[in-house]
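Engineer: Sequence below, structure please.
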Amino acid sequence: MNELIEKISICVERGKVNKSSPYPKDLAGQDGADELTKQVLDLGIGPDIILNACNVGMQRIGERFGRNEVFVPELLMAAKAMNAVMAHLKPFFKSGAVKAKGKFILGTVAGDLHDIGKNLVSMVIEGNGWEVIDLGVDVKTGKFLEKIKENSECVVGLSALLTTTMASMTKTVQEIKSQFPKTKIIVGGAPLSQKTAELMGADGYAPDPQGAVAFLNQLSI
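Structural biologist: Okay, the predicted model is just below:
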C-alpha cells in the first residue's frame, strides 16, 4: 500500500499522467497518476491519504522549481498529473467525505488576458485541498465582488503579467478591502513584488504557486 502511495507522489512530481503518456521517457509504459489512484481507491484507501501523496509530489516539484532545477514545462506536466488524481477525488469533495480547506477565488485582472501562471496556481492550490473558483482572465472588479459576496470567508487571488494592468489590480484590491475588509487577498505575476503588493494593500504576494500554497496553508492553521 505504501509503495502505491509513494508511486502517486512520484508520478505527480515527475508529471506522469497515465500509462499512455510518453513523458517522462524513463517511465514510459508504466502506470501513471490516473491508474495508480484508481488502484489505491479500489483497495479502500481513504482519499485524504491520496490527497496528501499528491501534496507531497507537488511540494517536491515546487522546491525543485524554486531551485531552478526544473522549469515551467515540468511544472505544467506535474499539474496535469495532479489533475488526473483530482478527477478521481472530486466526488469525495462533493459528497463531503473529504472537506476542502476553504474557497479560493482566482482571476487575472481586467485588461490582462494571460493565464498560464494563473492556471498553474489554480491546479496546485486545488491539489492542496482548496476549492478553487477560477474566474478566468480580464476579470473586472465587479465580478470579483460578486463572487466574494456569494462565497463568504473565501480568499482571493489576483494575477497579472502586464505592467499596464497594475492600476487595475490596485483598484480591485482597494474595492475588495473597502467592501469586504476581512477578506484576505494574495497577488502574483511578473511585474509584482512584496513591496508592490504591500503598497496596493494586498495581504500577501507569491512569486510562484508554492508561495501561494504556503500563504493559504498559513491562513488555514
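
Engineer: where along this structure do the strands fall?
Structural biologist: Assigned by DSSP state E, the chain shows strands spanning 103-108, 131-134, 155-159, 184-188, 204-205.

Engineer: among these, which is the most enclosed?
Structural biologist: Across those, the average number of neighbours (mean count of other C-beta atoms under 10 Å) peaks for strand 155-159, which reaches a mean of 28. Every residue, glycine included, has its C-beta placed from N, CA and C.

Engineer: what residues are up against Val139?
Structural biologist: 107-110 (C-beta atoms under 8 Å, 6 or more residues apart in numbering).

Engineer: Could I get these in TSV, plus columns for pLDDT and distance to Lys182?
Structural biologist: Formatted as TSV, the contacts of Val139 follow (pLDDT from 0 to 100; distance: C-beta to C-beta, whole Å):
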residue	pLDDT	distance to Lys182
Gly107	98	20
Thr108	97	24
Val109	97	21
Ala110	96	24
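
Engineer: Which single one of those residues is nearest to Leu41?
Structural biologist: Leu41 has its nearest neighbour among the contacts of Val139 in Gly107, at 32.3 Å by C-beta to C-beta.

Engineer: Okay, and the beta partners of that closest one?
Structural biologist: In this structure, Gly107 bridges to Leu158 when assessed by DSSP bridges.

Engineer: quick revisit: closest to Ile10 out of the strands of the chain?
Structural biologist: Ile10 sits nearest to strand 131-134 of all the strands of the chain, at 24.3 Å, using C-beta to C-beta.

Engineer: now that closest one, how far from the centre of its chain.
Structural biologist: For strand 131-134, the gap between its own C-alpha mean and the chain's C-alpha mean amounts to 9 Å (C-alpha atoms, centre = their mean, to the nearest Å).

Engineer: just stretch 141-148 next, same as before
Structural biologist: Per C-alpha atoms, centre = their mean, the centroid offset for stretch 141-148 relative to its chain is 20 Å.
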